[in-house]
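> kindly return the folded structure for what I paste below:
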Amino acid sequence: MNVYVADACGFCYGVRRAVEMASSAASGTHTLGPIIHNPQVVARLAERGVSPVDSLESLREGDTILIRSHGVGPDVYREAEKKRLNVVDATCPHVKKAQQDAKKIIEKEKNLIIIGEKAHPEVISISQWGANRAIILDREEMARALPPMEQAGVVVQTTFSQEQFKRIEQILADKIPDLTVYMTICTATQQRQQAAIDLAGKMDVMIVIGGKNSANTGRLAQVCREQGCPTYHIETAAELDTAWFKGMKNIGITAGASTPDWIIQEVVNIMENLQAEATEVMSEELLDKYDYEENPKKGDVVKGTVISVNDDAAYVSIGTKAEAILPKKEMAVPAPEKASDFVKVGDELTVEIANNIKEEGAIVVSLVKMKKVEDWKEVREAFENDQLVECTGKETNKAGLVVSIKSLRGFIPLSQGDIRFVKSLDYLVGQTFQVKVIDIDEHKNRLVLSRKAVLEAEREAKREEALKHIEEGAVLEGTVVKIMPYGAFIDLGGVEGLLHISDISWKRISSVDAVLKQGDKLQVLVQKFDKERDRISLSLKALQKNPWIAAIEKFEVGDVVKGEVKKLLPFGAILAIDPELQGLLHVSELTEKRGASVKDLLNIGDILNVKIIGIDTDKKKISLSVLALQKDDEEREVRNYLETANQQEESATIGDAVEDK
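Residues are numbered from 1 along each chain as shown. A predicted model of the protein is given here:
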């Protein structure tokens, strides 16, 4: 039996982009509907705290909503803006183009025809961008039944069958004189369908992997069946039935655009194991011709004594006519450099027969196979008792990481390698770490592990400990772990809080990454802690003195200061009296002339002396006056005049008194 995988299968660009955006989203983010039509991916995201909602109705101001790859209509964006939600748009670029093409057709006052499934969310969103005036059809007979029309524009569901589209397009072209067709089937869909067609034409049976509610996966199964090839549509490897492949020589595998790599790899691994088992059965049938009555069978466990050793192998007497050979690769994992480093003459061993064909006068025996029995038992106990096992990273592939657990080989899918989204697990090669066993099948040599589960448990423990110290008003040290347009997520030692952009600085900042970088450590104040929703709001500026308050402490009502005209208003002017302070000079405090225009009295950049006549620290407002300053000058002149007159009068009275005396 031979197993072949289609050249193009699995996640397309739009789906991968949407899943990556959802995987990197903060816990508490919601997707508007399932992010993609794959229940396994949706379930994994839900475990990370990214869950779907059916509408925006239950969301509150400040919540984050992620628009899935199928897209939504313009009303959803307007509603999200009205509710002040944080929108992360993961609409597939191909879908976005189809939406805009539909809008363009309606704006040109043409009839809009959408070729696709009427109930599919992508088609619904395209129709909404076309003002809900679209004619939607997905079969040839529906196209033939259309009423006469002079002109129309056509857009297509991005995952629609290319062959079916061509047939419908031809019918429309014959019926409508002025027909404009926007070819919006994405290239990834075309490639996957063509690769499936090419492979199905050569195979005895096809396996199509993907969600049962996925339109593009359903079409892959359809095009495979159209090639006359028996086809089975499955969601996961658990649905495979070995009876499907009995007597089959060539097995083909493909997957829809919403099927993640780890599910594809699981199916491929099982099929490759079936392939190996089929080959092994054929070999054993041949081996029976060479089986000797005195020789033990493959898999038998026997005892023997080492009678000689060289660098490459040891020779063991097991009671047969010829000694058995124990190669160094069958002694241990990893194999010793020299067999003589591992065993010596006279050692008594319990070994398993690895091959009952005589090779160079000896049967091949193995210590590794014996060790594997013990190691499988240990791993199974760990699986049943929910315990952890230790492994070492060996090598990576596009689906994940191959590891060793003593004599066993295990596999960590990419999605189970880390809490955060990573594109590769190369950094774990050569590293020893603990993992949780999530799937085990000794007969198929299948051992699937999760490092993510261990990290999540550790994170949860840290989180519980961190929550003991979190209360509103507490000042904590945190580390910037994620920068977003609306703020930064701060790790407080196991739990994350949001430092909103408005709480970073008293000064207006252009962007979060202009002042913060991932890895920065800083002291933050816990402003709000919502235990029910598990949300923590943080502030950096609350720990800093308001620059305005610090600056105003240098001034008080009655001070005379210099001010520079910064802005002219119909009712006055804004003057800068300090780098941090600006005040209002109302026109009534500038001149007594009624109906005077400010722009006739002042220019931008003018410097003038003004008196502070009011300070409102709550509203951070300063009132300035020129007239008050002029009034002070006038009062000072009157006071000086009176004082001078009094002095002259007193001086004259004393002189007169002296003269009279």
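
> pLDDT score assigned to residue 655?
Note on residue 655: pLDDT of 53.

> swap in residue 230?
So, for residue 230, pLDDT stands at 89.

> cool, and residue 157?
92.

> do the same with the one 5 residues further on
pLDDT, the model's per-residue confidence, is 79 for residue 162.

> please apply the same query to residue 11.
Residue-level pLDDT assigned to residue 11 equals 79.

> kindly report the same for residue 378.
At residue 378, pLDDT is 90.

> any idea how far residue 443 is from it?
As defined by Cβ to Cβ, to the nearest Å, residue 378 lies at a distance of 17 Å from residue 443. (Each C-beta comes from the backbone N, C-alpha and C, glycine too.)

> neighbour count winner among these two?
residue 378 (15 against 7; other Cβ atoms under 10 Å).

> the more buried one is in what secondary structure piece?
helix 368-384 (DSSP states H and E).

> which elements pack onto the next helix or strand after that helix?
Following helix 368-384 in sequence order, the next helix or strand is strand 388-397 (DSSP H and E). Judged by 3 or more Cβ pairs under 8 Å, 6 or more residues apart in numbering; DSSP states H and E, the packing partners of strand 388-397 are helix 368-384, strand 400-405, strand 432-441.

> for the ones you listed, which one sits closest to residue 10?
strand 400-405 (13.9 Å; Cβ to Cβ).

> any idea of the mean pLDDT for the closest one?
Strand 400-405 comes out at a mean pLDDT of 92.

> rewinding a little: buried residues, the helix holding residue 378. List them.
By 16 or more other Cβ atoms under 10 Å, the buried positions in helix 368-384 come out as 368-372, 375-376, 379, 382-383.

> switch the residues you listed over to JSON lines; also include distance to residue 524.
Output for the buried residues of helix 368-384, formatted as JSON lines (distance: Cβ to Cβ, whole Å):
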{"residue": "368", "distance to residue 524": "55"}
{"residue": "369", "distance to residue 524": "57"}
{"residue": "370", "distance to residue 524": "58"}
{"residue": "371", "distance to residue 524": "53"}
{"residue": "372", "distance to residue 524": "52"}
{"residue": "375", "distance to residue 524": "48"}
{"residue": "376", "distance to residue 524": "50"}
{"residue": "379", "distance to residue 524": "44"}
{"residue": "382", "distance to residue 524": "40"}
{"residue": "383", "distance to residue 524": "42"}
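
> between those residues, which is closest to residue 121?
residue 383 (38.8 Å).

> strands of the stretch 101-250 of the chain, start to end?
According to DSSP state E, counting those that start in this stretch, the stretch 101-250 of the chain carries its strands in the segments 111-115, 134-137, 151-156, 178-182, 205-209, 231-234, 250-255.

> format these as TSV; extra columns: mean neighbour count.
Below are those laid out as TSV (neighbours: other Cβ atoms under 10 Å):
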stretch	mean neighbour count
strand 111-115	25
strand 134-137	21
strand 151-156	24
strand 178-182	15
strand 205-209	25
strand 231-234	20
strand 250-255	24
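
> adding distance to residue 450, write those strands out as JSON lines.
JSON lines is the format used below for the strands of the stretch 101-250 of the chain (distance: least, Cβ to Cβ, whole Å):
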{"stretch": "strand 111-115", "distance to residue 450": "42"}
{"stretch": "strand 134-137", "distance to residue 450": "43"}
{"stretch": "strand 151-156", "distance to residue 450": "40"}
{"stretch": "strand 178-182", "distance to residue 450": "45"}
{"stretch": "strand 205-209", "distance to residue 450": "21"}
{"stretch": "strand 231-234", "distance to residue 450": "22"}
{"stretch": "strand 250-255", "distance to residue 450": "22"}
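
> between these, which one is nearest to residue 394?
The nearest among the strands of the stretch 101-250 of the chain, by Cβ to Cβ, is strand 250-255 at 24.7 Å.

> what's the closest one in contact with?
1-6, 9-10, 192, 195-196, 199-200, 202-210, 217, 220, 224, 229, 245, 263-264, 267-268, 271 (Cβ atoms under 8 Å, 6 or more residues apart in numbering).

> any of those buried? List them.
Looks like the contacts of strand 250-255 have 1, 3, 5-6, 9-10, 192, 195-196, 199-200, 203, 205-210, 217, 220, 224, 229, 245, 263-264, 267-268, 271 buried, using 16+ other Cβ under 10 Å.

> check what pLDDT residue 449 gets.
Residue 449 is given a pLDDT of 94.

> for it, which three-state class applies?
Three-state call for residue 449 (DSSP: H, G, I helix; E, B strand; the rest coil): strand.

> that one: what's it in contact with?
Contacts of residue 449 by Cβ under 8 Å, 6+ apart are 389, 391, 403, 405, 410-412, 416, 435-438.

> how does it look with 10 Å?
Residue 449 is in contact with 379, 383, 388-389, 391, 400-401, 403, 405, 410-413, 416-417, 434-440, counting by Cβ atoms under 10 Å, 6 or more residues apart in numbering.

> buried subset of these?
379, 383, 389, 391, 400-401, 403, 405, 410-413, 416-417, 435-437, 439-440.

> least trustworthy helix or strand in this structure by mean pLDDT?
Of all helical and strand segments in the chain, the minimum by mean pLDDT, DSSP states H and E falls on helix 261-287, at a mean of 64.

> which strands and helices lie in contact with the helix or strand just after that helix?
Downstream of helix 261-287, the next assigned helix or strand under DSSP H and E is strand 301-309. Counting contacts by 3 or more Cβ pairs under 10 Å, 6 or more residues apart in numbering; DSSP states H and E, strand 301-309 packs against strand 313-317, strand 324-327, strand 348-359, strand 362-366, helix 368-384.

> one more time with 6 Å, if that's ok
strand 313-317, strand 348-359 (3 or more Cβ pairs under 6 Å, 6 or more residues apart in numbering; DSSP states H and E).

> out of those, nearest to residue 161?
That would be strand 348-359 among the helices and strands packed on strand 301-309, by Cβ to Cβ, at 50.8 Å.

> what's the next secondary structure element after the helix or strand residue 577 falls within?
Under the criterion of DSSP H and E, residue 577 resides in strand 572-578. As assigned by DSSP H and E, the chain's next helix or strand after strand 572-578 is strand 581-586.

> quick check: mean pLDDT across that following strand?
Here the average pLDDT along strand 581-586 is 91.

> helix or strand right after it?
helix 598-601.

> what does the helix or strand just after that following helix contact?
Counting by DSSP H and E, the next helix or strand C-terminal to helix 598-601 is strand 607-616. With contacts defined as Cβ atoms under 6 Å, 6 or more residues apart in numbering, strand 607-616 is touched by 555, 557, 559-560, 562-564, 622-626, 628-629.

> mind running it again at 7 Å?
552, 555, 557-564, 575, 585, 622-626, 628-629, 632 (Cβ atoms under 7 Å, 6 or more residues apart in numbering).

> do the same with stretch 53-60
Under Cβ under 7 Å, 6+ apart, the answer for stretch 53-60 is 30, 32-33, 65, 79-80, 83, 85.

> can you put those in TSV and add distance to residue 49?
Listed next are the contacts of stretch 53-60 as TSV, based on distance: Cβ to Cβ, whole Å:
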residue	distance to residue 49
30	10
32	16
33	17
65	14
79	23
80	20
83	21
85	17
